[in-house]
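Trainee: Mind looking at a prediction? Sequence and model below.
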Amino acid sequence: MECLYLTMFANIVRNLDVNVIYLVPDITILPTFPPHPSPQINPTHLRSIHGCICMRERKKEGERMKGFSARYRVIVLLLFLFHIIDEARGQAASGPAAAPAPGPPPPLNVTAVLEKGGQFRTLIRLLQSTQIDKRIEGQLNSSNAGMTLFAPSDNAFSSLSPGTLNTLTNQQQVTLLEYHVIPTLITLSQFQTVSNPISTQAGDSSPGQYPLNVTTAGNQVNISTGLINTTISGTVYSDSQLAVYQVDKVLLPLGIFRPSVQAPPPKAGKNASDTSEGPSNDSNDSSDASSTIRRPWRLGIPFAVAVSILYCSF
């Protein structure tokens with residue numbers, strides 16, 4: 001407080017243009033003033049003042065955070081742009097990114113393919129009962145050659161003679177189904193250039209056994225077994241491993257359904273002609289014999305006349 005009073009006194013003296021040295025020779029001898037009484041502060045006013053100060057500080061803090069959030073968004077945007085630019089430069093330097101290697105294809109299910117076709121219930125039943133479906137799936141998943149399957153529809157099986165399938169042995173049923181499978185993939189366009197006869201999984205393709213001949217006429221593919229002639233009526237399924245074509249007739253191989261050969265019956269006309277010729281030959285022989293017998297008499301009469309003439313002349 002003393003310093004405050006000294007400062008106030010010095011200001012007063014400066015305003016009066018009085019030399020402080022003459023008026024105050026020694027600063028230590030200045031009289032001391034009584035302490036200024038402290039003002040009485042109302043608690044209510046103190047709380048209101050504190051609330052105003054807090055509101056002002058909150059406002060300042062909000063403005064400061066608002067500015068900080070705006071700067072933060074700008075910084076994040078700049079970092080994102082720099083990241084995009086770096087990625088573009090890296091791709092330009094390293095070239096296009098290599099595509100990931102495709103995984104192995106899922107195993108094929110022949111019966112599922114036929115079930116999706118909707119009209120091959122009899123063929124599915126035969127494939128499952130003979131285990132041919134498992135054999136086909138195993139070969140497809142272990143080989144890259146592919147397979148071709150001719151799939152007769154349910155109508156094709158119903159057009160067979162009654163009891164045709166029931167009269168076959170288990171091995172014959174297996175061979176019949178194998179006759180519908182070609183152990184290589186053949187597309188529709190490749191049927192125009194295949195060599196006949198085509199070998200099937202039934203085996204021997206020599207004449208009279210299991211040959212399969214294919215001819216084309218435009219987009220139509222004709223199939224002949226030697227007993228059955230049919231055409232491919234549609235494609236049920238086709239990819240790089242398996243091709244399934246619908247046929248409207250069951251392919252019957254000669255090796256199983258070869259017709260039996262019967263001896264021709266004897267001709268009735270030939271026997272009758274032989275019988276009729278018999279008496280004629282006998283009559284000819286008898287006429288020859290009678291002519292031989294009569295011929296000496298014909299020669300002896302002139303001879304006897306000549307001998308009689310000669311005898312009378314002597």
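Mentor: That came in fine, so what should we check first?
Trainee: I'd like the next helix or strand past the host helix or strand of R58.
Mentor: Element membership for R58, per DSSP states H and E: helix 43-94. Using DSSP H and E, the helix or strand that follows helix 43-94 towards the C-terminus is helix 110-117.
Trainee: can you list contacts of that next one?
Mentor: Under the contact criterion Cβ atoms under 8 Å, 6 or more residues apart in numbering, helix 110-117 has outside partners 120, 123-124, 127-128, 133, 136-137, 149, 151, 236-237, 242, 244, 246. C-betas here are computed from N, CA, C, even on glycine.
Trainee: Where does pLDDT dip in the stretch 51-200 of the chain?
Mentor: Judged by pLDDT under 70, the stretch 51-200 of the chain has its weakly predicted residues at 51, 53-54, 65-72, 91-107.
Trainee: quick one on the thing from earlier: buried ones among the contacts of helix 110-117?
Mentor: 120, 123-124, 127, 133, 136-137, 149, 151, 236-237, 242, 244, 246 (16 or more other Cβ atoms under 10 Å).
Trainee: hang on, the earlier thing: check the contacts of helix 110-117 and tell me the two furthest apart.
Mentor: Maximum pairwise distance in the contacts of helix 110-117, criterion Cβ to Cβ, is 19.9 Å, between E137 and Q246.
Trainee: circling back to that earlier point, could you point out which of the buried ones among the contacts of helix 110-117 is nearest to V74?
Mentor: Y237 (58.9 Å).
Trainee: by contact count, what packs against the host helix or strand of that closest one?
Mentor: Element membership for Y237 (DSSP H and E) is strand 229-238. With contacts defined as 3 or more Cβ pairs under 8 Å, 6 or more residues apart in numbering; DSSP states H and E, the packing partners of strand 229-238 are helix 110-117, strand 220-224, strand 242-247.
Trainee: ok, and what's touching that strand?
Mentor: Against strand 229-238 from outside (Cβ under 8 Å, 6+ apart): 113-114, 116-117, 120, 150-151, 187-188, 220-223, 243-249, 251.
Trainee: and what of stretch 144-154?
Mentor: The contact list for stretch 144-154 (Cβ under 8 Å, 6+ apart) reads 110, 114, 117, 119-123, 136, 139-140, 180-186, 223, 232, 236, 240-251.
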